[in-house]
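Colleague: heads up, no residue letters with this:
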């Protein structure tokens, strides 16, 4: 894979200065994401996974190290890397249609083209008939589907997802996971997906990146080759779950262990 | 009638079958399914009865007032009976002075609110949007804010004389600070996640202000406008009582000079009534401008 086609995170450090001391949020994180690859980051809270996502999105700058996305250095947020948030972050004053076409309007896409894109994504997320509803009138799962459509409508090369299904009940969550895989298989974007749910990571990812806290770092990367849809209870996947758990436990319990497999 | 019924039972207004009452009461639900007409009628009757009961104390209050006032002429002079107030109102309408005073007062409030909005919304937005601007100008705002607008009346008379401009200045000061402070809070409290969402979708700085900050702050801005209008209305009456040659406050003070307590009460009722209308008008606009907040 050429670096130009994907995202290259290279020796990224991030420290936050507080009044008294410095907090190391990320320590020497390097990771490449292929152009059509689905990468899941799992780790406990405080491992820096959200910080890493914010850096790739361009909301913050790394203290040292570089991030390149599709041949360009990341300095600001941009529609080539759209983000989906855990709390949906839909614009409450816009309808489903208004939310989906928000990014298109900002870059001045004419009405007919916008309408076509909206129709495509409304069909994709199966929300036909809800175009003129406000987010308040939708269920949590429907809101998250609108957020997905809004992020996809600007045709990003990379989709950043910050625990998008954490607020959903388990049934809706499973449905959304299946739906995400279906959408991803038809749209073929690169995806960087954050979760603290190991089963979710195994269901979705091409590669699972395990991160550990204090300091935030990558402690393991596991490649998943079995075809989707995946059964989290198959012996192969159970073994992977155990491997991830073991990594998390040793790395969280003992800070000296570092990046065995990365 | 239908409106009254709907107001009292909002959950069951759309369909008579699955309202909350029926769910709790299987016997009534069965009867509703068998013959839907009688329960609807019964509910309507109940709604009307509740209305009557609700306004009974107010009606009683007016009756007692009328009786007490009529008990002796000296009391009637101090506290005119409601029937006299109505007569006084009719008299003022007939000679054209009531609508002249109402218009004079509304014009002052309109001008002052307009200027307060033109100054207050941008100033509040700047204070809420820029930490540096707030740091620099917050002391000035904090210095002037606690001075009640009425305390400006003497100085404003020195400046403007007894004129519309003087009244408008007082009203402007009354409306300005609620508008500034609410707008500031609204802009400051914009959900950062929404700004991030807009940025990641490619919105630039000015696009974010127009498409995220403004609609997100709009509810607070309307709160400021409503509070500001309420205070403006109060400041208007105070200003007109002290220094004016027209307006509802002037009508009241004239009533005092002429010993026409019925005119005083007419003025008071009109002030209350128009204040209510102004608030209702703003709420209506709010509803039209922000349909996403409706039920």
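Modeller: Arrived safely. Since this is a predicted model, take the numbers as computed values, not measurements. Numbers count the residues shown, from 1 in each chain, chains lettered A, B, ... in the order given.

Colleague: got the residues of chain B near chain A?
Modeller: Residues of chain B lying close to chain A by Cβ under 8 Å from any Cβ of the partner chain are B:191, B:193-194, B:196-204, B:207, B:211-212, B:215-216, B:218, B:290-292. Just so you know, the C-beta spots here come from the backbone N, C-alpha and C atoms, and that holds for glycine as well.

Colleague: 6 Å instead?
Modeller: With Cβ under 6 Å from any Cβ of the partner chain as the criterion, chain B meets chain A at residues B:193-194, B:197, B:199-203, B:207, B:215, B:292.

Colleague: hmm, which of those residues is lowest in pLDDT?
Modeller: Checking pLDDT across these, the minimum falls on residue B:292 at 86.

Colleague: contacting residues for that one?
Modeller: By Cβ atoms under 6 Å, 6 or more residues apart in numbering or on different chains, the contact set of residue B:292 is A:92-93, A:134.

Colleague: who's in contact with residue 177?
Modeller: I'll assume chain A. residue A:203.

Colleague: the intended chain is chain B.
Modeller: Contacts of residue B:177 by Cβ under 6 Å, 6+ apart are residue B:145.

Colleague: tell me which element it falls in.
Modeller: helix B:164-188 (DSSP states H and E).

Colleague: the helix or strand that comes right after that helix: how far from the chain's middle?
Modeller: Next helix or strand after helix B:164-188 toward the C-terminus (DSSP H and E): helix B:192-200. Relative to its chain's centre, helix B:192-200 lies at 34 Å (Cα atoms, centre = their mean, to the nearest Å).

Colleague: flag every buried residue along the next helix or strand after helix B:192-200.
Modeller: As assigned by DSSP H and E, the chain's next helix or strand after helix B:192-200 is helix B:205-208. With burial defined by 16 or more other Cβ atoms under 10 Å in any protein chain shown, the residues of helix B:205-208 counted as buried are B:207-208.

Colleague: how far out from the middle of the chain is helix B:205-208?
Modeller: Per Cα atoms, centre = their mean, the displacement of helix B:205-208 from the mean C-alpha position of its chain is 33 Å.

Colleague: host element of the residue nearest to residue B:244 when sequence neighbours are not counted?
Modeller: Spatial nearest neighbour of residue B:244, chain neighbours left out: residue B:250 (4.6 Å); criterion: Cβ to Cβ, 6 or more residues apart in numbering or on different chains. Using DSSP H and E, residue B:250 sits in helix B:248-257.

Colleague: ok, then the element right after that helix?
Modeller: helix B:261-289.

Colleague: pLDDT of that next one, averaged?
Modeller: For helix B:261-289, the per-residue pLDDT averages 92.

Colleague: what packs against it?
Modeller: When contacts are defined as 3 or more Cβ pairs under 6 Å, 6 or more residues apart in numbering or on different chains; DSSP states H and E, helix B:261-289 sits against helix B:82-94, helix B:214-242, helix B:248-257.

Colleague: OK, contacts around the closest residue to chain B within the stretch 101-250 of chain A?
Modeller: Closest residue of the stretch 101-250 of chain A to chain B, Cβ to the nearest Cβ: residue A:103 (3.6 Å). Residue A:103 makes contact with A:79, A:153-154, B:201-202, according to Cβ under 6 Å, 6+ apart.

Colleague: walk me through the domains of chain B.
Modeller: B:2-71, B:90-293 (automatic domain parsing).

Colleague: please identify the deepest-packed of those.
Modeller: Counting by mean count of other Cβ atoms under 10 Å in any protein chain shown, domain B:90-293 has the highest mean neighbour count of the domains of chain B, with a mean of 18.

Colleague: just the terminal-to-terminal distance for that one.
Modeller: 41 Å (Cα to Cα, to the nearest Å).

Colleague: so what touches the helix or strand bottoming out on mean pLDDT in chain A?
Modeller: Between all helices and strands in chain A, the lowest mean by mean pLDDT, DSSP states H and E belongs to helix A:235-253, at a mean of 82. With Cβ under 6 Å, 6+ apart as the test, helix A:235-253 has contacts from A:198, A:202, A:210, A:212, A:219-220, A:222, A:257.

Colleague: restricted to buried residues, select the residues you listed in PyMOL.
Modeller: The buried residues among those can be selected in PyMOL (16+ other Cβ under 10 Å) with this line:
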select buried, chain A and resi 198+202+210+212+219+220+222
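
Colleague: which of the contacts of helix A:235-253 sit farthest apart?
Modeller: Spanning the widest gap among those are A:202 and A:257, at 22.2 Å by Cβ to Cβ.

Colleague: tell me who's in contact with residue 70.
Modeller: Picked chain A for this. So residue A:70 contacts residue A:157 (Cβ under 6 Å, 6+ apart).

Colleague: hm, I was asking about chain B
Modeller: residue B:81.

Colleague: residue A:208 too?
Modeller: Residue A:208 neighbours (Cβ under 6 Å, 6+ apart): A:40, A:201, A:222.

Colleague: which residues of the stretch 1-150 of chain A lie near chain B?
Modeller: A:57, A:77, A:79, A:82-83, A:85, A:89, A:92-93, A:102-103, A:106-107, A:134.

Colleague: and the helices in chain A?
Modeller: A:49-57, A:96-100, A:102-106, A:111-124, A:140-153, A:170-187, A:198-204, A:235-253 (DSSP state H).

Colleague: next, format the ones you listed as JSON lines and append distance to residue B:102.
Modeller: Shown next, in JSON lines, are the helices of chain A (distance: least, Cβ to Cβ, whole Å):
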{"stretch": "helix A:49-57", "distance to residue B:102": "57"}
{"stretch": "helix A:96-100", "distance to residue B:102": "41"}
{"stretch": "helix A:102-106", "distance to residue B:102": "45"}
{"stretch": "helix A:111-124", "distance to residue B:102": "47"}
{"stretch": "helix A:140-153", "distance to residue B:102": "48"}
{"stretch": "helix A:170-187", "distance to residue B:102": "57"}
{"stretch": "helix A:198-204", "distance to residue B:102": "66"}
{"stretch": "helix A:235-253", "distance to residue B:102": "73"}
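
Colleague: least confident of the ones you listed, on average?
Modeller: helix A:235-253 (a mean of 82).

Colleague: quick one: buried residues of that helix?
Modeller: A:237, A:240-241, A:243-244, A:247-248, A:251-252.
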